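S.K.: this is a predicted model, with the sequence first.
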Amino acid sequence: MADIFDVIADGTRRDILQLLRERGSSGVRGTSVSHIVAELGVSQPTVSKHLKVLREAELVSVREEGQHRFYSLSAAPLDEVDDWLVPFFDDGSLLLDDGASSLPDSAAHAAELVGRAAASAKHAWDSALKKLPGR
């Protein structure tokens, strides 16, 4: 099995995981390849290639109905990422080498929100660029 960090390092695979997470949390039981293609604006072969990698890493499950396949997020393997990150944090604050917290709780929370907003904006920008003709 591929290293989970290598799998989630790819932006398209993260986009697919995000889409499956959002659809799963809204009660949708599986998402078709054609829906993923339409939402992300990438080719069907590209989506299929990335779904294969995600399946092999057990990050997605597939349900077949006739000739159609429906994909769902399987978040359990992401526990490995979470387990790896936990030692770097104490109550949400990044720990320094001497064990001291680098930020007070309120500042750590604000930094987390800013970081998430920046990542979300970058994701939206990258997704918009992919949908432009000739890209």
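M.R.: The structure has been received and is ready for your questions. Residues are numbered from 1 along each chain as shown.

S.K.: quick one: contacts for V60?
M.R.: Applying CB atoms under 8 Å, 6 or more residues apart in numbering, we find V60 in contact with 16-17, 20, 51, 54, 71-74. The way it works is simple: take the backbone N, C-alpha and C, and place the C-beta from them, glycine included.

S.K.: ok, now how distant is E65 from S32?
M.R.: 10 Å (CB to CB, to the nearest Å).

S.K.: which of those two has more residues huddled nearby?
M.R.: Neighbour count, other CB atoms under 10 Å: between E65 and S32, S32 has more, with 13 against 9.

S.K.: the more buried one pairs with what?
M.R.: S32 has these beta-bridge partners by DSSP bridges: F70.

S.K.: just to revisit the earlier point, buried ones among the contacts of V60?
M.R.: Buried subset of those (neighbour count, 16 or more other CB atoms under 10 Å): 16-17, 20, 51, 54, 71-74.

S.K.: what strand or helix carries S72?
M.R.: Element membership for S72, per DSSP states H and E: strand 68-73.

S.K.: before we move on, what about D82?
M.R.: Applying DSSP H and E, one finds D82 within helix 78-85.

S.K.: which elements pack onto that helix?
M.R.: Helix 78-85 sits against helix 4-8, with contacts defined as 3 or more CB pairs under 8 Å, 6 or more residues apart in numbering; DSSP states H and E.

S.K.: quick one, the helix or strand following the helix it packs on and strand 68-73 angle?
M.R.: With elements assigned by DSSP H and E, the helix or strand that comes after helix 4-8 is helix 11-25. Angle of helix 11-25 versus strand 68-73, following axes from the mean of the first three to the mean of the last three CA atoms, to 10 degrees, is 90 degrees.

S.K.: which strands or helices does helix 11-25 pack on?
M.R.: In this structure, helix 11-25 packs against helix 4-8, strand 31-32, helix 33-40, helix 44-56, strand 60-65, strand 68-73, helix 105-130, with contacts taken as 3+ CB pairs under 8 Å, 6+ apart.
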